[in-house]
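Chemist: can't give you the sequence, but here's the structure:
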């Protein structure tokens, strides 16, 4: 039946097909975005099975607080360093071949951590296993930009962000259960084995992608600095606020699990539940907020997102039991409130022929600067957890204030929508 023209289907099936088509149109689903979303669920779930528990795993392997901070900083730094090459590779190889390459690199890193049980393995393996999330980011942005109309960009990013949170919901729950059931060594081992298997299946779904025609000039020889010079004033102003907000995020990032388990007295499985609360909160917001942002303007939703970034470390100050931690993680979930709108602002400001490289350059600059936030967080944590959380909140307040001021100024000139 599904292969017949819709007009030849019986009435009830025709109505169902029409509703499905309208839903797909509302959610901005096309072949490439859908295949990419399936890959995001599979690869992302594999990563989240164990990576969120890595700081505590490092502690069990004998790593100190600064090694844990270095591990987090290395992920941020490599995420930054890989972003621009990821964009350039995507522009040159195309979406399908580049995503396949990035997945294979990540699998190599997971295998290294699986066979070498030492904290050094995580530091060395980071060079490889961050390839999926870092190198593929410009490619996933480009799939949305090339598959959808401009007025659907926020919805496209909203659906992508929603789907990205499914692994963040499932992974920690499954990984936390494995660690609680089998202990840290075997629990991480089984998580990594499952991670490799899911990434292998991801390669199959990435084969479904078709390559759109490249934009004129997309494969030309253009330097990094030429790409940066192509940034619009609005994109540069967004970048400044984004850097400050990401300092707010990175300073406590690696130490939240230590606070929850060491000061809140919870288990790994309970921590997985906290992450699930965060992800459910974020997922509930994405679709309605993306629809409203595409319809009424993106700026206010981005501003609210930055505000919730700022509030999260403040709520941790009083979160010393499971109940208060649950509330804090709900606030953490609300920080995703306007993330699709922020990403759509980047898409809207990128030149079509330089899309992937523009995204890569943006994240390269942002994350190179923010890398120091992980080391700053380790230093503040060595003073006290409270110093860490307060320092993060100050950065968040500065970023929120900057974006509000820029938005007021741009609104007077007809800028940010």
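Modeler: Cool, got the structure. This structure is a prediction, so every number in the text was calculated from the model and none was measured.
Chemist: quick one, longest helix in this protein?
Modeler: When the chain is parsed with DSSP state H, its longest helix is helix 153-206.
Chemist: so where's the stretch 251-400 of the chain shaky on pLDDT?
Modeler: Regions of the stretch 251-400 of the chain meeting the criterion pLDDT under 70 are absent.
Chemist: which stretches of it form strands?
Modeler: Applying DSSP state E, counting those that start in this stretch to the stretch 251-400 of the chain gives no strands.
Chemist: quick one, helices of it?
Modeler: 256-258, 268-296, 299-316, 322-334, 339-349, 355-383, 385-412 (DSSP state H, counting those that start in this stretch).
Chemist: contact partners of the shortest one?
Modeler: Around helix 256-258, the neighbours that count as contacts under Cβ atoms under 8 Å, 6 or more residues apart in numbering are 52-53, 55-56, 59, 68, 271, 316. For every residue, glycine as well, the C-beta is placed using N, CA and C.
Chemist: how does it look with 7 Å?
Modeler: 52-53, 55-56, 271 (Cβ atoms under 7 Å, 6 or more residues apart in numbering).
Chemist: distance-wise, check residue 78 relative to residue 363.
Modeler: 12 Å (Cβ to Cβ, to the nearest Å).
Chemist: more neighbours: those two, which one.
Modeler: residue 363 (26 against 21; other Cβ atoms under 10 Å).
Chemist: just flag the most distant two among the contacts of helix 256-258.
Modeler: Maximum pairwise distance among the contacts of helix 256-258 (Cβ to Cβ): 11.0 Å, between 55 and 271.
Chemist: between these two, which is the more surrounded one?
Modeler: Set residue 55 next to residue 271 and count neighbours by other Cβ under 10 Å: residue 271 wins out with 27 against 23.
Chemist: which residues does the more buried one contact?
Modeler: 172, 176, 257, 260-261 are the contacts of residue 271 under Cβ under 7 Å, 6+ apart.
Chemist: output these in JSON lines; the columns should cover neighbour count and distance to residue 126.
Modeler: Formatted as JSON lines, the contacts of residue 271 follow (neighbours: other Cβ atoms under 10 Å; distance: Cβ to Cβ, whole Å):
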{"residue": "172", "neighbour count": "29", "distance to residue 126": "19"}
{"residue": "176", "neighbour count": "25", "distance to residue 126": "22"}
{"residue": "257", "neighbour count": "24", "distance to residue 126": "17"}
{"residue": "260", "neighbour count": "25", "distance to residue 126": "23"}
{"residue": "261", "neighbour count": "18", "distance to residue 126": "22"}
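Chemist: can you redo those residues as TSV with distance to residue 398?
Modeler: Formatted as TSV, those follow (distance: Cβ to Cβ, whole Å):
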residue	distance to residue 398
172	30
176	34
257	26
260	26
261	30
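Chemist: tell me the one among those nearest to residue 356.
Modeler: Nearest to residue 356 among the contacts of residue 271 is residue 172, at 30.1 Å by Cβ to Cβ.
Chemist: how much space separates the closest one from residue 51?
Modeler: 9 Å.
Chemist: go on, residue 355?
Modeler: Plainly put, residue 355 is 28 Å away from residue 51 if you go by Cβ to Cβ.
Chemist: please apply the same query to residue 363.
Modeler: For residue 363, the distance to residue 51 - Cβ to Cβ - is 18 Å.
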